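[1] Provided below for reference: sequence and predicted model.
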Amino acid sequence: MTVPTPPLRALQLGNATSLTCRECGKATSLGPFYACEDCFGPLEVGYDLPRLTRADIEAGPLNIWRYAPLLPVPADIASRPTTEPGFTKLVRADGLARELGMRRLWVKDDTGNPTHSFKDRVVAVALAAAQEMGFKVLACPSTGNLANAVAAAAARAGIRSVVMVPANLELQKILTTAVYGGTFITVDGTYDDVNRLAAELAGEHDDWAFVNVNVRPFYAEGSKTLGFEIAEQLGWRIPEQVVVPIASGAQLVKIDKGFSELAELGLVEQSKWRVFGAQATGCSPVSQAFANGWDVVKPVRPDTIAKSLAIGNPADGPYVLDVIRRTGGSIADVSDEEVVAAIQLLARTQGIFAETAGGVTVGVLRKLLASGQLDPDAETVIINSGDGLKTLDAVAAAVVVPRAISPTLDAFQAVFGER
Ligand SMILES: *Cc1c(COP(=O)(O)O)cnc(C)c1O
Ligand SMILES: [Zn+2]
């Protein structure tokens, strides 16, 4: 792997101290590394966790930078030009809870982020670390939402972006990337093909930071902020159950890490939580591995409307299985029809329009309740990670588009009476 010209001073990324191999435990210094030199295992950011009080955090900005001391970012990050994602709403979901026979249900609604998905969190952290490491271009292979977030974050920071997606992506996600004006490439192939191309390009261009490839350890840390916010917004309490969609699996693994760090810092009552994973049946390699009791995840070729979750060879798959088994959770998958029905259920009961990934999560919530794996009486948080306006085709056939009437009372009454 080639390494960009080192910065003049030693790399300072807040309280982050090292990169440690998740497989063999070998520690490396902080830098643009993502695989262990000895065993090629993925690297994890380690910290000298600071002494931190709830009041310190509560005094911070109303975005992810309130948790900057727990992220691999420079200490003054809040004063730099970033998209300032995070601190999205935690919505008490009584309507949905009633329908599902639950007592205390919350939706962490990440559609409130700058480009309407949770990806703004991970990109903001990756960009901050990448700039400190001397990278000049922000790049990614994407299933759509990441493309939006990278293009927007680079525009805000005033640096170049190079974004690559499968050509069959939803038109909404194509347009909402192109508008930011970076270099935008559509590829004939699956996400996994695009990802392989990105890995080759990362080897060729030593000043390009592919957020989810060569700076992946830093990128992934951004998802911890979902865990931090959920706990803080519940009044510094970790929910008993959390249901998380799985693409690469990083979000799920890092929500658990976020909860663990808060417990370690004494910011929440030491409590037990169970983590549950959600996949679409048409791309369910982690769900299949869990159901079969495997430790490894067998790659699949995705075929589902939940394109933002369509990663057939998920990098964090085995670590998802670890978290699920360690916390006593479970994983399930739902069909495309169930995804659409779940999008409508969430919209009808809560007034929240989720993209297909949110439909997967709500659908799996319903399924795990029906199978008795989720406790309907335990406090539960589900993640709504993206906005329905980006996947309009998914619901186009399912919702009723009214036919036009003439502007008369009679015409109105005829239709109103009908319904
Ligand atoms: C990327 C994405 C996810 C999952 O992310 P991973 O960390 O790769 O598992 C979930 N929901 C949406 C909407 C996404 O775009
Ligand atoms: Zn190793």
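    Looks like it arrived, so ask away. Ligands and ions are numbered 1, 2, ... in the order given.

[2] Which residue ranges of the stretch 101-250 of the chain form strands?
    105-109, 137-141, 160-166, 183-187, 208-210, 241-245 (DSSP state E, counting those that start in this stretch).

[3] quick one: which of those is nearest ligand 1?
    strand 241-245 (4.3 Å; C-beta to the nearest ligand atom). C-betas here are computed from N, CA, C, even on glycine.

[4] Reformat the strands of the stretch 101-250 of the chain as TSV; add mean pLDDT.
    Listed next are the strands of the stretch 101-250 of the chain as TSV, based on pLDDT from 0 to 100:
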stretch	mean pLDDT
strand 105-109	98
strand 137-141	97
strand 160-166	96
strand 183-187	97
strand 208-210	97
strand 241-245	98
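
[5] closest to Leu346 out of the ones you listed?
    Nearest to Leu346 among those is strand 105-109 (7.5 Å), distances taken as C-beta to C-beta.

[6] which stretch of helix or strand covers the residue with the largest distance to the centre of the chain?
    Residue farthest from the centre of the chain, counting by C-alpha atoms, centre = their mean, is Asp410 at 49.7 Å. Taking DSSP states H and E as the definition, Asp410 sits inside helix 409-418.

[7] who touches that helix?
    Outside helix 409-418, the residues within contact range by C-beta atoms under 8 Å, 6 or more residues apart in numbering are 402, 405.

[8] Just give me how far that helix sits from the chain centre.
    45 Å (C-alpha atoms, centre = their mean, to the nearest Å).

[9] and what of stretch 381-399?
    On C-alpha atoms, centre = their mean, the centre of stretch 381-399 falls 15 Å from the chain's centre.

[10] returning to what we had before: is it possible to get TSV of the strands of the stretch 101-250 of the chain that adds distance to Leu71?
    Rendered in TSV, the data for these read as follows (distance: least, C-beta to C-beta, whole Å):
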stretch	distance to Leu71
strand 105-109	18
strand 137-141	17
strand 160-166	21
strand 183-187	28
strand 208-210	16
strand 241-245	19
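
[11] Out of the ones you listed, which gets nearest to ligand 2?
    strand 208-210 (21.0 Å; C-beta to the ion).

[12] Which elements pack onto that closest one?
    helix 119-132, strand 137-141, helix 191-204 (3 or more C-beta pairs under 8 Å, 6 or more residues apart in numbering; DSSP states H and E).

[13] The second one vs ligand 1: in contact?
    Right, strand 137-141. No: using C-beta under 6 Å from any ligand atom, strand 137-141 stays clear of ligand 1, coming no nearer than 10.8 Å.

[14] tell me the angle of that strand relative to helix 119-132?
    Angle, strand 137-141 to helix 119-132, by axes from the mean of the first three to the mean of the last three C-alpha atoms, to 10 degrees: 140 degrees.

[15] Using PDB, write out every CA atom in the lowest-mean-pLDDT helix or strand in the chain.
    Taking mean pLDDT, DSSP states H and E as the measure, the helix or strand of the chain with the lowest value is helix 409-418, at a mean of 89. Below are the C-alpha coordinates for helix 409-418, written out as PDB (Å, rounded to 0.1, in the frame of the first residue of the first chain):
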ATOM      1  CA  LEU A 409     -68.700  20.000  -5.100                       C
ATOM      2  CA  ASP A 410     -70.500  17.300  -6.900                       C
ATOM      3  CA  ALA A 411     -67.300  15.700  -8.300                       C
ATOM      4  CA  PHE A 412     -65.700  15.900  -4.800                       C
ATOM      5  CA  GLN A 413     -68.800  14.300  -3.100                       C
ATOM      6  CA  ALA A 414     -68.800  11.500  -5.700                       C
ATOM      7  CA  VAL A 415     -65.200  10.600  -4.900                       C
ATOM      8  CA  PHE A 416     -65.400  11.300  -1.200                       C
ATOM      9  CA  GLY A 417     -68.500   9.200  -0.900                       C
ATOM     10  CA  GLU A 418     -66.800   6.400  -2.700                       C
END
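
[16] Tell me the spacing between the closest residue to Gln241 other than its chain neighbours and Asn212.
    Leaving aside its sequence neighbours, Gln241 sits nearest to Thr380 (C-beta to C-beta, 6 or more residues apart in numbering; 4.3 Å). Per C-beta to C-beta, to the nearest Å, Thr380 is found 29 Å from Asn212.

[17] Compare the two and say which is more crowded by neighbours.
    Applying other C-beta atoms under 10 Å to Thr380 and Asn212 shows that Thr380 carries more neighbours, namely 27 against 24.

[18] low-scoring pLDDT stretches of this protein, where are they?
    1-9, 418-419 (pLDDT under 70).

[19] separation between Glu58 and ligand 2?
    Glu58 sits 38 Å away from ligand 2, going by C-beta to the ion, to the nearest Å.

[20] contacting residues around Ser385?
    110, 117-118, 145, 245, 251, 308, 355, 357-358, 361.

[21] coming back round to it: shouldn't the residue nearest to Gln241 be in contact with Val242?
    Yes: under the contact definition of C-beta atoms under 8 Å, Thr380 touches Val242, with a separation of 7.2 Å.

[22] and the nearest residue to Asp120 once chain neighbours are set aside, how far is that from ligand 2?
    The shortest distance from Asp120 to any non-neighbouring residue, by C-beta to C-beta, 6+ apart, is to Pro85 (3.5 Å). The gap separating Pro85 from ligand 2 is 31 Å, by C-beta to the ion.

[23] Output the contacts of Ser385 in JSON lines, with neighbour count appended to each entry.
    Shown next, in JSON lines, are these (neighbours: other C-beta atoms under 10 Å):
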{"residue": "Asp110", "neighbour count": "28"}
{"residue": "Ser117", "neighbour count": "28"}
{"residue": "Phe118", "neighbour count": "29"}
{"residue": "Asn145", "neighbour count": "29"}
{"residue": "Pro245", "neighbour count": "28"}
{"residue": "Gln251", "neighbour count": "28"}
{"residue": "Ser308", "neighbour count": "29"}
{"residue": "Glu355", "neighbour count": "33"}
{"residue": "Ala357", "neighbour count": "32"}
{"residue": "Gly358", "neighbour count": "33"}
{"residue": "Thr361", "neighbour count": "30"}
